[in-house]
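Undergrad: I would like the atomic coordinates for the input below:
(chains A, B, C and D)
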2 protein chains.
Amino acid sequence: MVTTSARLLALLSLLQMRREWSGPELAERLEVGPRTIRRDIDKLRSLGYPIEAAPGVAGGYRLGAGAELPPLLLDDAEAVAVAVGLRSTAAGSIAGVEETSVRALAKLEQVLPDRLRRRVRALGDATATFSPDGPRIDADLLAAIAAAARDARRLRFAYRAKDDTESRREVEPAAVVHTGYRWYLVAWDLGRADWRTFRVDRIDGHATDAGRGRRREVPGGDPAAFVRKALRPQEATPVPGRMRLRAPADVIAKRVPARYATVEPDGDAACIVTTTGSWSTEFIVWMATLDVDLEVLDPPELVDRARAVAQRLRAL
Amino acid sequence: MVTTSARLLALLSLLQMRREWSGPELAERLEVGPRTIRRDIDKLRSLGYPIEAAPGVAGGYRLGAGAELPPLLLDDAEAVAVAVGLRSTAAGSIAGVEETSVRALAKLEQVLPDRLRRRVRALGDATATFSPDGPRIDADLLAAIAAAARDARRLRFAYRAKDDTESRREVEPAAVVHTGYRWYLVAWDLGRADWRTFRVDRIDGHATDAGRGRRREVPGGDPAAFVRKALRPQEATPVPGRMRLRAPADVIAKRVPARYATVEPDGDAACIVTTTGSWSTEFIVWMATLDVDLEVLDPPELVDRARAVAQRLRAL
DNA sequence: CCAATGCGGTCAGATCCTGACCGCGGGTCC
DNA sequence: GGACCCGCGGTCAGGATCTGACCGCATTGG
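TA: Residues are numbered from 1 along each chain as shown, chains lettered A, B, ... in the order given. Next up is the predicted model:
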């Protein structure tokens, strides 16, 4: 029955909006008798959603945390916030959730009303690029590719190879992989009739849907391994940056996220900080803002870059 | 009927997981006849969820974007990604969605299974201190306060005032407000029997639930205005930093997010960059990494700080 | 042309839903 | 302590709904 199921959903939505509702309140809101509300609550409970209840004049129902996540019923603003948040984590600000974020984003974008999509895009543009080094990441494109891989759809796009030659590709995507600071698409290239690995930031503009395709399994079964093998050595091995700071290791460790860099003591009064991935300009920025004496160890490019920054500031 | 509603939810979940399902496939998955599936699809459609269908041998059902967002059915990993994303946007990385993010986070945390909450926290810790200058933001605390305001619950916490005196407070929260780079709680202070504004980053540790409270409306009706009025002048007015860069405005604008700073042309070959909020050490270093000639205009403290940073970096 | 798919009508039996009672027990406030 | 409000659950009866089993039709892709 449509009305019954709809009412259960509405009930779940109400219980998510506010913590406590009394039975009569709910009955009036949903335009049914109080007895029916009690029965609906029972149904939700039997579906596994833990609804706590308190008797008495100050009583009411509240939805608690159970074993499974209930369906989330978000209003417009919240949906936008979720989408914006996912885009930001997909961009790699927090290691370890990028690929899941992209997957969740693909799921959300599939059902997101257009008016909300526009709002998300407007906000997303504001983030722009702060890291001049890192590759530009287009969350929309990533979500579109992830959705295509999930749904076994073909994709057509223009690709700019390493030597700047452009080509049009039509592929059957198999997986999206995030390694270090880059995103890769592993796909069966229909034109070349072979497997190819594409850097997502080298895909120009939008990838357009090119109809239904075959579902592809990455050779070997492990997309990440496939990408690692396909990468040229210089891309595959990250170049960590190292600095020596004149401050005890435990002090610095508290101010440097463990995901980005490791801190090892170097005597009592100094420590050595090593980035976990490749170094970037941001590394210089963080270290400089810590306000302790520092010494750049390697690689030489990092030394040059830091020297350039110092030069600029010295000229003041 | 429990099984019918549950099946509708399961159907919605399946349709969100993958783009296309055929009727027989769904029938087998849900263990009902194909005719029932057709009827269920009808029900979902009559509930407003646009399900597109394609006849023919390659046909199937797919969930499209409608006028309203359907209930989101996330798996564990996706839920964690959403929570992590909301925490990161709540921390202010993208202007304009902080307060909504906190609201959505409060909603999510209310129903998030414990095992997932632990995973979120583990990942959240990795972000830790990113901006040494900005106030530390505890997303859990924020979500707890927002939930308390929403549910009209009392809160008890230890508060460290401006002059470092500690006090225990019991309040009835009315609103959570984000201004500039700070979070404020507007609440009725039960001990003082008056309205107070608290800086969230001055609340020590956790705020504990202190039972049911009265629902409070902020005097004047506009929490943001109330906070603005309550702030001491020096807190209320941020001190922006300004620099002149020897590069065209349009070049620089592309490399500086609009929300951190505005870029105005100063002749053809130079531009002036002004931070939107107060300046921080990061501002100095970021500008220096742009690798163009720069000149610090004001305030004087910014010049001093820049000199200090240069000194640190010169010790290479 | 054939096979697979979505669509919708109809039927009959089983099932379920709803509102209306009722009393019980537990909490809150006066 | 007592009044009151609320959640809980049993029972009943009428009505609505759901499900599976048919059926034929239209559309798509190979």
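Undergrad: so in chain A, where's the weakest helix or strand by average pLDDT?
TA: helix A:233-236 (a mean of 59; mean pLDDT, DSSP states H and E).
Undergrad: beyond it, next helix or strand please.
TA: Later in the chain than helix A:233-236, the nearest helix or strand by DSSP states H and E is strand A:242-245.
Undergrad: check which residues of the helix or strand following that next one are buried.
TA: Sequence-wise, the next helix or strand downstream of strand A:242-245 (DSSP H and E) is helix A:249-255. Going by neighbour count (16 or more other CB atoms under 10 Å in any protein chain shown), the buried part of helix A:249-255 is A:249, A:252-253, A:255. Heads up, the C-betas are built off the backbone N, CA and C, glycines and all.
Undergrad: pick out the lowest-pLDDT one from the residues you listed.
TA: Within these, A:Arg255 has the lowest pLDDT, namely 73.
Undergrad: just want the angle from the host helix or strand of A:Ser5 to helix B:2-17.
TA: Element membership of A:Ser5, judged by DSSP H and E, is helix A:2-17. Relative orientation of helix A:2-17 versus helix B:2-17 (axes from the mean of the first three to the mean of the last three CA atoms, to 10 degrees): 70 degrees.
Undergrad: just confirm yes or no for helix A:2-17 near DNA strand D.
TA: Yes: Helix A:2-17 lies within reach of DNA strand D by CB under 7 Å from any atom of the strand, at A:2-4.
Undergrad: dump the helix or strand encompassing A:Thr274 to PDB, restricted to CA.
TA: For A:Thr274, the host element (DSSP H and E) is strand A:271-275. Below are the C-alpha coordinates for strand A:271-275, written out as PDB (Å, rounded to 0.1, in the frame of the first residue of the first chain):
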ATOM      1  CA  CYS A 271      63.600  16.100  14.500                       C
ATOM      2  CA  ILE A 272      63.300  15.000  10.900                       C
ATOM      3  CA  VAL A 273      60.000  15.300   9.100                       C
ATOM      4  CA  THR A 274      59.400  13.100   6.000                       C
ATOM      5  CA  THR A 275      56.400  13.400   3.800                       C
END
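Undergrad: who does that strand touch, helix- and strand-wise?
TA: Judged by 3 or more CB pairs under 8 Å, 6 or more residues apart in numbering or on different chains; DSSP states H and E, the packing partners of strand A:271-275 are strand A:242-245, helix A:249-255, strand A:261-265.
Undergrad: please enumerate the helices of chain A.
TA: A:2-17, A:23-30, A:34-46, A:76-90, A:98-111, A:114-127, A:139-151, A:223-230, A:233-236, A:249-255, A:281-289, A:300-314 (DSSP state H).
Undergrad: which stretch among those is buried most, on average?
TA: Between these, helix A:76-90 has the highest mean count of neighbours, a mean of 26, where neighbours are mean count of other CB atoms under 10 Å in any protein chain shown.
Undergrad: what mean pLDDT does that helix get?
TA: Average pLDDT, helix A:76-90: 90.
Undergrad: residue numbers of chain A in contact with DNA strand D?
TA: Near DNA strand D, when you scan chain A using CB under 7 Å from any atom of the strand, you find A:1-4, A:21-24, A:34-35, A:38, A:41-42, A:53-57, A:59-61.
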